[in-house]
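**Q** Pasting a predicted model and its sequence here:
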Amino acid sequence: MSSDPRDIEPMDCPTVDGMPRLGLGTWENTDPDECATSVETALNVGYRHIDTAQAYGNESDVGAGIAAADVDREEVFLATKVWIDNLAPDDVKRTARESLDRLGVDDVDLLYVHWPAREYDPEATLAAFDELVDDGVTRHVGVSNFLPHQLEEAADVLDAPIFAHQFELHPFLQQQDVLDTCDELDINVVAYSPLARGHVFDEDTLTDIADDHDVSAAQVSLAWLRETGVTAIPKATGTDHITDNWASLDLSLSDDELDRIDDLDRGAREVDPGFGPWNRI
């Protein structure tokens, strides 16, 4: 495989409502040069969906990577998230615009409520998000880490439709109740930590399927998500991981393989802060 991402054979990435179904996650990508380079590399490989957040502390670096890539801004689906300390209405509107400044863009394609915690108040917070849509700061509103009843409440409160719900989703944490609610409310699903923070490489079922296709377990997990209607945003920094994840677009799994992966669900969370809504029931 070429070490130059510009030499990678381009592949078409499927989209849903204009959102590419495979993106680059940037959580914990905190080294400025590494973050900017990984974003630039991913875009030059073919990625067109980049995900960041205020809390990641790397919006400026993500913006630098977008600016450096051989891709026009208009071709990039860009998402960021408003942190839980900033969810009072005035703070939502102020910090969202600060995010645009750090990213070096005029708007974002998708702005998420990062968690329904701390300063989150459904009516007040979501009204501010609606205002940001009206003002052209974001094209779409998303939510993240919501429970089913919180999704239903947000859908009732928002004027804009909930475009996407981003939550932890991988073979070991499948969250069928949340998926069912998203389906009922016509909300796109975006999976973070789709590789279970590397644990997919330790699961025999995934590595056996990977060996059968001469691919990586990461590609198997990403293909499983795609074939079940989910958008994935795996974090990757080095060119090898970025291109390996991208190659998952060329992998098709059989019904039997999909069923074998479905059977791996064990409710294993990798991201479990005390303010997570499931810890406050």
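**A** Looks like it arrived, so ask away.
**Q** Hmm, residue 30 is touching residue 58, no?
**A** Yes: Residue 30 is in contact with residue 58 according to Cβ atoms under 8 Å; the separation is 6.0 Å. Every residue, glycine included, has its C-beta placed from N, CA and C.
**Q** How much space separates the nearest residue to residue 97 once chain neighbours are set aside from residue 194?
**A** Distances taken as Cβ to Cβ, 6 or more residues apart in numbering place residue 137 nearest to residue 97, at 6.4 Å, with adjacent residues excluded. Applying Cβ to Cβ, to the nearest Å, the value for residue 137 to residue 194 is 28 Å.
**Q** Please apply the same query to residue 144.
**A** Separation of residue 144 from residue 194 (Cβ to Cβ): 14 Å.
**Q** The two: who's more crowded?
**A** The residue with more neighbours, out of residue 144 and residue 194, is residue 194; 28 against 20, by other Cβ atoms under 10 Å.
**Q** Please verify my assumption that the more buried one contacts residue 221.
**A** Yes: using Cβ under 8 Å, residue 194 is in contact with residue 221, at 6.0 Å.
**Q** Ramachandran angles for the most centrally placed residue in the chain?
**A** By Cα atoms, centre = their mean, the mean C-alpha position of the chain lies nearest to residue 233, the distance being 4.2 Å. Here is the backbone geometry of residue 233 (degrees, to the nearest 10): phi -130, psi 70.
**Q** In this structure it contacts residue 189, no?
**A** No: using Cβ under 8 Å, residue 233 is not in contact with residue 189; the gap is 11.3 Å.
**Q** measure the spatially most distant residue from the centre of the chain to residue 171 for me?
**A** Most distant residue from the mean C-alpha position of the chain: residue 212, 28.1 Å away (Cα atoms, centre = their mean). According to Cβ to Cβ, residue 212 and residue 171 sit 16 Å apart.
**Q** Likewise for residue 45?
**A** Residue 45 sits 25 Å away from residue 171, taking Cβ to Cβ as the criterion.
**Q** Who has more neighbours out of the two?
**A** residue 171 (26 against 22).
**Q** Was I right to think that one contacts residue 261?
**A** Yes: assessed by Cβ under 8 Å, residue 171 is found in contact with residue 261 at 5.1 Å.
**Q** Need the residues touching each of those two.
**A** Contact criterion Cβ atoms under 8 Å, 6 or more residues apart in numbering; residues shared by residue 171 and residue 261: 206, 221, 224.
**Q** for the chain, which spans come out with low pLDDT?
**A** Along the chain, the model assigns pLDDT under 70 to residues 1-10.
**Q** repeat that with 50
**A** 1-3, 6 (pLDDT under 50).
**Q** Do you have the helices of it handy? List them.
**A** 32-45, 59-68, 89-103, 122-134, 148-157, 176-185, 204-213, 217-227, 239-247, 255-262 (DSSP state H).
**Q** what do residue 194 and residue 221 both touch?
**A** Jointly contacting residue 194 and residue 221 under the rule Cβ under 8 Å, 6+ apart are residue 170.
**Q** Could you give the number of residues near the closest residue to residue 123 other than its chain neighbours?
**A** Distance criterion Cβ to Cβ, 6+ apart; nearest residue to residue 123, sequence neighbours excluded, is residue 157 at 5.5 Å. Using other Cβ under 10 Å, residue 157 has 17 other residues around it.
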